[in-house]
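**Q** I need the structure of the sequence given here:
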Amino acid sequence: MGKKRKRRGWYCRICGRYRSNESFTGKGRKKHICKDCAKLSGAEQASNAAVNKIINLPFSLSKDQIKWLRKKAHDSRPDVREAAEMELEMRFGTNNEPEIPDYDDDFLFDDDFF
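**A** Just a heads-up that it's a prediction; the model follows:
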């Protein structure tokens, strides 16, 4: 096994990318917000940060994370709501699963089939 590759630069918590040092201002580096994301409005920053957090959730969720995700599924922002609903559906499925069709017993034990 080789060494773990170290990432260069800083992580932007809004867009979720690792950016170079030049892509951050002095205050932005402390807040983990790159220059491109700093130009966005506060509402857009919050929306992008929430979607980024939803996408990067760990495989196994704690009770608090599940509660947070279900809360975001009813968010007023459509992109956050859509991402949360999609994540909930992928992880837990839908409650309206299709029923398994009933087959005749004759079909299961048909002599011509074997």
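**Q** all contacts plus neighbour counts: C-alpha atoms, from now on.
**A** Fine.
**Q** What is the least confident helix or strand in the chain?
**A** The weakest-scoring helix or strand in the chain, judged by mean pLDDT, DSSP states H and E, is helix 105-108 (a mean of 56).
**Q** Just give the closest residue to residue 7, not the sequence neighbours.
**A** residue 18 (7.7 Å; C-alpha to C-alpha, 6 or more residues apart in numbering).
**Q** Check the spacing between the residue most central in space within the chain and residue 85 real quick.
**A** With distances taken as C-alpha atoms, centre = their mean, residue 55 lies nearest the centre of the chain, 1.9 Å away. From residue 55 across to residue 85, the span is 11 Å (C-alpha to C-alpha, to the nearest Å).
**Q** Give me the buried positions along stretch 71-87.
**A** 72-73, 80-85, 87 (16 or more other C-alpha atoms under 10 Å).
**Q** Residue ranges in the protein under the pLDDT threshold?
**A** In the predicted model of the chain, residues 1-2, 28, 94-114 satisfy pLDDT under 70.
**Q** For it, which segments count as strands?
**A** Using DSSP state E, the strands of the chain run over 10-11, 18-19.
**Q** and among those, the most buried is which?
**A** strand 10-11 (a mean of 20; mean count of other C-alpha atoms under 10 Å).
**Q** That one: partners in the sheet, and parallel or antiparallel?
**A** Paired neighbours of strand 10-11 in the sheet (DSSP bridges): strand 18-19 (antiparallel).
**Q** Quick one: neighbours of residue 3, just the number.
**A** Residues lying near residue 3 (other C-alpha atoms under 10 Å) number 5.
**Q** typo on my end, it should be residue 50
**A** For residue 50, using other C-alpha under 10 Å, the count is 21.
**Q** need the contact list for it.
**A** Contact partners of residue 50, counting by C-alpha atoms under 8 Å, 6 or more residues apart in numbering, are residue 80.
**Q** residue contacts, the closest residue to residue 81 other than its chain neighbours?
**A** Excluding the flanking residues, the one nearest residue 81 by C-alpha to C-alpha, 6+ apart is residue 73, at 4.6 Å. With contact taken as C-alpha under 8 Å, 6+ apart, residue 73 is in contact with 80-85.
**Q** at 6 Å what do you get?
**A** 81, 84-85 (C-alpha atoms under 6 Å, 6 or more residues apart in numbering).
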